[in-house]
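**Student:** Pasting the sequence and the predicted model now:
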Amino acid sequence: MNLLQAEWIKLSRRPLAWLLLIIFLLLMALFLGIIFLAVGLSDGVFTGGDVRMQIIPREDQLEQFRLMLRFPGIFGTVLSQVNSIGGILAIVLAAGVFGSEYSWGTLRLQLARQPRRGPYLIAKTVALLLFLLLGIGLAMLCGSLLGLFFGAVLGNSGQVSASDLLLLPWRMLRSLYVMLPYVMLTIACCVLGRSVLAGAVGGFLFLAADISVGAFSFLTSMSDTLAFIYNLLVVQQNINTLVVLNSQSYGLDPAIITRNLDLTVLPSPLQAVLVIAVYSGSFFAIAYRLFVRRDLTGAT
Amino acid sequence: MSSDSAVQTEHLTKQFKQRIAVDAVSLEVHRGEIFGFLGPNGAGKTTTIAMLLGLIRPTRGRAIVLGHDIQQEPGAALRRVGAMIEAPAFYPYLSGWNNLRVLTRAAGLPDTRIDAVLEIVELQARAHDRFRTYSQGMKQRLAIAATLLAEPELIILDEPTNGLDPAGTVELRSLIRTLAEQGQTIFLCSHQLHEVEQVCRRVAILKQGRVLAQGSVAELLQQRRRVQVRVVASAPRALELLRTVPWIGAVEQQGDLLLVDVAGSRAPEVNALLTRHDIPVAEIRTRTESLEQFFLEITGEQGC
């Protein structure tokens, strides 16, 4: 607990952490603003000028856009943003948090006083996850405020049931869980390369590779066996399952918005949870083993 | 292993691939003493310190810190150790006070210790400024404050006077003496040989990973005392004579001055020998070397 408090002081006072959070909130607001504009133009809310939409969404897509701005759909919209832009920023934050301990030489300062390296790494990781959870909470708050504003302008805010609110923390945790493989891999790369750069490069390369493998998703339609293997190897497929689950739980249908998303080939939620756990656990185990066993050499 | 020792190493060795950074180093630092750990750059001082702090695992040998094997019981060994390794390393975006708070929280110490140690290093006025705005001397002071947080029994200081102005250096020297008087053991690693000579009772000198000399400063310098003889117009003859004497080591001629490698206590015998051979002696005395001269001589360095 002492270690966790120390890590929280470091993280919660770090300008990089808040800067990344602000960037995320701005990008999320921009995304919601664009959806709002599309809905407003289509519904004739904005008048008084010669404004035309160049790309007219289909009616079912437009209906999805409306749901995305209303309660409880806005919750699903925020969570899907957390798992897209938020995931990228989480890699940057994880690389900064773990890698800079090496580049600043502060790791030697810490471990010369606190030789239990395992608990130190765990405390640092837990503090990072708590900060990410705080970020998701703040994103949810900002999204809700924007939802109220959009509802006031568009004339329909929607309705939030008690179960929507009660299940919100659980779904926020699911969003956090979805980010774990990339965050854990970034931590492992930081420890391996002893730098911020190694962590960021490792995290982004994995992200890029995992998404690129999506090009082979046609394999899933060829046979059940191929689909099973593909879904075991590709983390993104399993992430998609949980992200879709979050959206669907708020009445959204991502398949309507993203035409090439075939929900039928996604793995089951149970498989998704297990695959993500195996990947995240493996990456963290590598980081842990390296961190605990390796010498802390070199000049600061 | 002696219970009187704050630090004891036995054949401590670290090999990085083909390079042996520390080679069978055996040290003994007594409790309550100020011990100087000297050596040219790359001698293996920081690697040795890192092994004492459990940051680097020895390839062979072992280190006992405050009665605990650093490999077997790192927590117990380091609980009462304060260490400053190389340059002061802190979080640049945190204030000095918050940097120390991170350390007190991690160690479960009360925050009152922060103010106490900041007062010792006279950094209270800038305690709430960000670390990145500190001068080198202030960073060094903060690092020293950090070593004192846990009221350590053993303090390891690696180049503590780097960046300090002359007044700061004098203050630090005084602080080190005060801490030693209070019973704390100081393991001082420094290039400032003059500094070390003033505060340390015992030293070890390291070169290329090996201990070249270890012992009390007085004893080491006593061993290196040489007799200096000034003769009148007979230097070549005196040189020839002294070189034939078995109990005399090397003899070096510098004009009419002969430097005779022999214990200072044997100066009267040298004098008697020269007089017996009708070589007039104008002056004979023992020459005491400084620690710096001693260091340069045994390490073969031009300067450090």
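**Tutor:** Happy to help now that I have it. Since the structure is predicted, the reported quantities are computational estimates derived from the model, not experimental observations. Numbering: from 1, shown residues only, chains lettered A, B, ... in the order given.
**Student:** contacts for stretch A:253-268?
**Tutor:** Contacts made with stretch A:253-268 from outside it, assessed by C-beta atoms under 8 Å, 6 or more residues apart in numbering or on different chains, are listed as A:60-61, A:64-65, A:80, A:217, A:220-221, A:227, A:231-232, A:237-238, A:240-241, A:243-244, A:247-248, A:272, A:275. Glycine gets a C-beta too; all of them are placed from N, C-alpha and C.
**Student:** And it, what's buried?
**Tutor:** Buried positions in stretch A:253-268, judged by neighbour count with 16 or more other C-beta atoms under 10 Å in any protein chain shown: A:253, A:254, A:255, A:256, A:257, A:265, A:266, A:267.
**Student:** Kindly check the end-to-end length of it for me.
**Tutor:** 17 Å (C-alpha to C-alpha, to the nearest Å).
**Student:** which of the contacts of stretch A:253-268 are buried?
**Tutor:** Of the members of the contacts of stretch A:253-268, the ones counted as buried by neighbours, 16+ other C-beta under 10 Å, are A:61, A:64-65, A:80, A:217, A:220, A:227, A:231, A:237-238, A:240-241, A:243-244, A:247, A:272, A:275.
**Student:** Return the subset of these lying in helices.
**Tutor:** Per DSSP state H, helices hold the following members of the buried ones among the contacts of stretch A:253-268: A:61, A:64-65, A:80, A:227, A:231, A:237-238, A:240-241, A:243-244, A:247, A:272, A:275.
**Student:** and which of the buried residues of stretch A:253-268 is nearest chain B?
**Tutor:** residue A:254 (38.9 Å; C-beta to the nearest C-beta).
**Student:** Can I get stretch B:71-82 in CSV, CA atoms only?
**Tutor:** Output for stretch B:71-82, consisting of C-alpha atoms alone and laid out as CSV, is shown next (Å, rounded to 0.1, in the frame of the first residue of the first chain):
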residue,chain,number,x,y,z
GLN,B,71,21.7,-11.4,-1.8
GLN,B,72,19.9,-13.4,0.9
GLU,B,73,18.2,-10.6,2.9
PRO,B,74,18.2,-7.4,0.8
GLY,B,75,15.3,-5.9,2.7
ALA,B,76,16.9,-6.3,6.1
ALA,B,77,20.3,-5.2,4.7
LEU,B,78,19.1,-2.0,3.1
ARG,B,79,16.5,-0.9,5.7
ARG,B,80,19.1,1.3,7.4
VAL,B,81,21.1,2.3,4.4
GLY,B,82,21.0,5.6,2.7
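**Student:** Contacts for it, please.
**Tutor:** A:112-113, A:115-116, B:53-54, B:57-58, B:62-70, B:146-156.
**Student:** swap in stretch A:4-24?
**Tutor:** Taking C-beta under 8 Å, 6+ apart as the criterion, the residues outside stretch A:4-24 that touch it are A:81, A:85-86, A:89, A:92-93, A:96-97, A:123-124, A:126-128, A:130-131, A:135, A:138-139, B:91, B:93-94, B:98, B:101-103, B:105-106.
**Student:** Stretch A:104-121 too?
**Tutor:** Everything outside stretch A:104-121 that qualifies as a contact, by C-beta under 8 Å, 6+ apart, is A:3, A:100-101, A:287-288, A:291-292, A:296, A:299-300, B:50, B:53-55, B:74-75, B:77-78, B:81-83, B:85-87, B:89-92, B:103, B:106-107, B:146, B:150.
**Student:** Just those residues: which are in strands?
**Tutor:** B:81, B:82, B:83 (DSSP state E).
**Student:** Now a PyMOL select for only the buried ones of the residues you listed.
**Tutor:** Applying 16+ other C-beta under 10 Å to the ones in strands among the contacts of stretch A:104-121, the buried members can be selected in PyMOL as follows:
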select buried, chain B and resi 81+82+83
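**Student:** now the ones in strands among the contacts of stretch A:104-121 as JSON lines including pLDDT?
**Tutor:** Compiled in JSON lines, those are given as follows (pLDDT from 0 to 100):
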{"residue": "B:81", "pLDDT": "93"}
{"residue": "B:82", "pLDDT": "92"}
{"residue": "B:83", "pLDDT": "92"}
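**Student:** quick check, nearest of the ones in strands among the contacts of stretch A:104-121 to chain A?
**Tutor:** Nearest to chain A among the ones in strands among the contacts of stretch A:104-121: residue B:83, at 4.7 Å, using C-beta to the nearest C-beta.
**Student:** Bridged to the closest one, which residues?
**Tutor:** Bridge pairing for residue B:83 (DSSP bridges) gives the partners residue B:156.
**Student:** how about the helices in the stretch 1-150 of chain B?
**Tutor:** Applying DSSP state H, counting those that start in this stretch to the stretch 1-150 of chain B gives helices spanning B:45-52, B:74-78, B:96-107, B:112-120, B:136-148.
**Student:** show me what contacts the nearest residue to residue A:252 once chain neighbours are set aside?
**Tutor:** The shortest distance from residue A:252 to any residue that is not its chain neighbour, by C-beta to C-beta, 6 or more residues apart in numbering or on different chains, is 4.6 Å, and that residue is residue A:76. By C-beta under 8 Å, 6+ apart, the residues touching residue A:76 are A:68, A:246, A:247, A:248, A:249, A:250, A:251, A:252.
**Student:** Just the buried ones from the contacts of stretch A:4-24?
**Tutor:** Looking at these with 16+ other C-beta under 10 Å, the buried ones turn out to be A:81, A:85-86, A:89, A:92-93, A:96-97, A:123-124, A:127-128, A:130-131, A:135, A:139, B:91, B:93-94, B:98, B:101-103, B:105-106.
**Student:** mind checking how far the residue nearest the centre of chain B is from chain A?
**Tutor:** Nearest to the mean C-alpha position of chain B, counting by C-alpha atoms, centre = their mean, stands residue B:36 at 2.1 Å. Using C-beta to the nearest C-beta, to the nearest Å, one obtains 20 Å as the distance from residue B:36 to chain A.
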